[in-house]
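Peer 1: This is the structure alone, sequence omitted:
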C-alpha cells in the first residue's frame with residue numbers, strides 16, 4: 001500500500017473519530033440541558049410550601065379559602081387528576097407538572113407526539129396533576145394562574161389543546177407572564193371555541209385556585225422532589241436517562257398486553 005493511501009485511510013479514521021466525539025458531546029449537552037432544567041424546578045420546593053401557606057393565610061376571607069371547585073370531569077383521589085384518553089385504556093401515565101417549569105416544557109415538547117398518538121389510539125390514559133412549584137422558586141403567581149386557566153379549559157372540554165398551547169408559549173422562567181389573566185385569555189384564542197364568556201369568568205375569578213393549591217399540597221405530601229414527575233408502572237420515567245419516546249411507546253404497548 002502506498003504512503004498516500006495509508007495517509008488517506010488514517011485521515012478518514014480520524015475524521016470518523018472526530019465525528020463520533022461530536023455526537024457524544026451533543027448528546028451530553030442535551031442530557032445536561034434536560035437535567036439542568038429539572039434542577040431548576042426542584043430548588044424552591046421549601047419556598048413553595050411557604051408561599052402556598054402564606055397565600056392560604058392571606059385569602060382566609062377571600063374566594064380561595066372557600067369550597068374547592070374541581071374542574072369538570074376531574075378524577076382520582078380528591079378529584080385532583082385531569083384525565084386525557086379513554087377511561088378503559090391501560091396503562092395510565094401520571095404526570096405532575098408546572099406550566100412555568102422549563103423541564104416540564106422540555107418533557108412535553110419531546111414526548112407530546114408520542115403521548116398524543118398513544119392516547120388517540122386508546123393505548124394510553126394520562127392523568128395530569130397541576131402544581132405551582134415555580135411560584136415558590138422565583139415568586140409570582142403564574143403557575144397558579146396558568147393551572148387555574150387550564151382547569152377552566154377542562155370545564156370547556158378543551159384541556160389538552162390549551163395545555164399544549166401553554167407549553168408552546170411558555171415564557172422564560174424568570175418572566176411571570178402567566179400571572180396576567182389577559183395573557184392566558186389571549187392564548188385561549190389559539191384553541192377553537194375556548195375563548196367564551198364562561199371561560200373568561202372562570203379565569204378572572206380564579207374559580208379553581210383552591211383546587212390547584214390542594215393539588216400542590218398533594219404533590220408535597222407524596223414526597224416528590226420536582227417537576228415533571230412522570231410515573232408509569234410505579235416508576236418515574238423522566239429520571240430514566242435511557243428513556244426516549246420510542247422506549248415509552250414500547251413500554252406502554254408491553255404493559256397493555258399484561
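Peer 2: Nice, thanks for sending it over. Everything numeric here is computed off the predicted structure, so don't read it as measured data.
Peer 1: what number of residues lie near residue 249?
Peer 2: Residue 249 is flanked by 17 other residues according to other Cβ atoms under 10 Å. Bear in mind the C-beta positions are built from the backbone N, C-alpha and C, glycine included.
Peer 1: Which residue ranges of this protein form strands?
Peer 2: 82-84, 92-97, 125-130, 229-232, 235-236 (DSSP state E).
Peer 1: Worst mean pLDDT among these?
Peer 2: Mean pLDDT is lowest for strand 235-236 among those, at a mean of 90.
Peer 1: Pairing partners for that one, with directions?
Peer 2: Here strand 235-236 has these sheet partners by DSSP bridges: strand 229-232 (antiparallel).
Peer 1: which of the residues in stretch 175-191 are buried?
Peer 2: Going by neighbour count (16 or more other Cβ atoms under 10 Å), the buried part of stretch 175-191 is 176, 177, 178, 179, 181, 183, 184, 185, 187, 188, 191.
Peer 1: and it, what's its mean pLDDT?
Peer 2: The pLDDT scores in stretch 175-191 average 98.
Peer 1: Distance across that stretch, terminal residue to terminal residue?
Peer 2: One end of stretch 175-191 sits 23 Å from the other (Cα to Cα, to the nearest Å).
Peer 1: same check, this time on stretch 94-105
Peer 2: End-to-end span of stretch 94-105 (Cα to Cα): 16 Å.
Peer 1: what sits up against it?
Peer 2: Outside stretch 94-105, the residues within contact range by Cβ atoms under 8 Å, 6 or more residues apart in numbering are 34, 37-38, 40-41, 81, 107-108, 126-135, 142-143, 146-147, 150, 166-167, 170-171, 173, 176, 178, 219, 224, 226-232, 238.
Peer 1: I figured residue 229 hits residue 238, correct?
Peer 2: Yes - between residue 229 and residue 238 a contact is recorded at 6.9 Å, counting by Cβ atoms under 8 Å.
Peer 1: contacting residues around stretch 158-172?
Peer 2: For stretch 158-172, the surrounding residues in contact (Cβ under 8 Å, 6+ apart) are 71, 82, 84, 99-100, 102, 104-105, 108-109, 112, 128, 142, 146, 149-151, 153, 177-178, 184, 187-188, 190-194.
Peer 1: What is the burial count for the closest residue to residue 173 other than its chain neighbours?
Peer 2: Distances taken as Cβ to Cβ, 6 or more residues apart in numbering put residue 102 closest to residue 173, at 5.4 Å, once the chain neighbours are dropped. Residue 102 is flanked by 20 other residues according to other Cβ under 10 Å.
Peer 1: now residue 216
Peer 2: Neighbourhood size, residue 216 [other Cβ under 10 Å]: 27.
Peer 1: shouldn't it be in contact with residue 131?
Peer 2: Yes - counting by Cβ under 8 Å, residue 216 touches residue 131, with 4.6 Å between them.
Peer 1: so residue 80 sits right up against residue 70, yeah?
Peer 2: Yes - between residue 80 and residue 70 there is a contact under Cβ under 8 Å: 7.5 Å.
Peer 1: For the chain, which residues score under the pLDDT cut-off?
Peer 2: For the chain, the stretches flagged by pLDDT under 70 are 1-40, 42-66.
Peer 1: quick revisit: turn the strands of the chain into a markdown table, columns for distance to residue 207.
Peer 2: Formatted as a markdown table, the entries for the strands of the chain read as follows, by distance: least, Cβ to Cβ, whole Å:
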| stretch | distance to residue 207 |
| --- | --- |
| strand 82-84 | 14 |
| strand 92-97 | 20 |
| strand 125-130 | 14 |
| strand 229-232 | 26 |
| strand 235-236 | 31 |
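Peer 1: For residue 253, find the nearest of those strands.
Peer 2: strand 229-232 (11.9 Å; Cβ to Cβ).
Peer 1: can you list the residues that contact the closest one?
Peer 2: Counting by Cβ under 8 Å, 6+ apart, 91-96, 107, 219, 236-238, 248, 251-252, 255 sit against strand 229-232.
Peer 1: Now the buried members of the residues you listed.
Peer 2: 91-96, 107, 219, 236-238, 248, 251-252.
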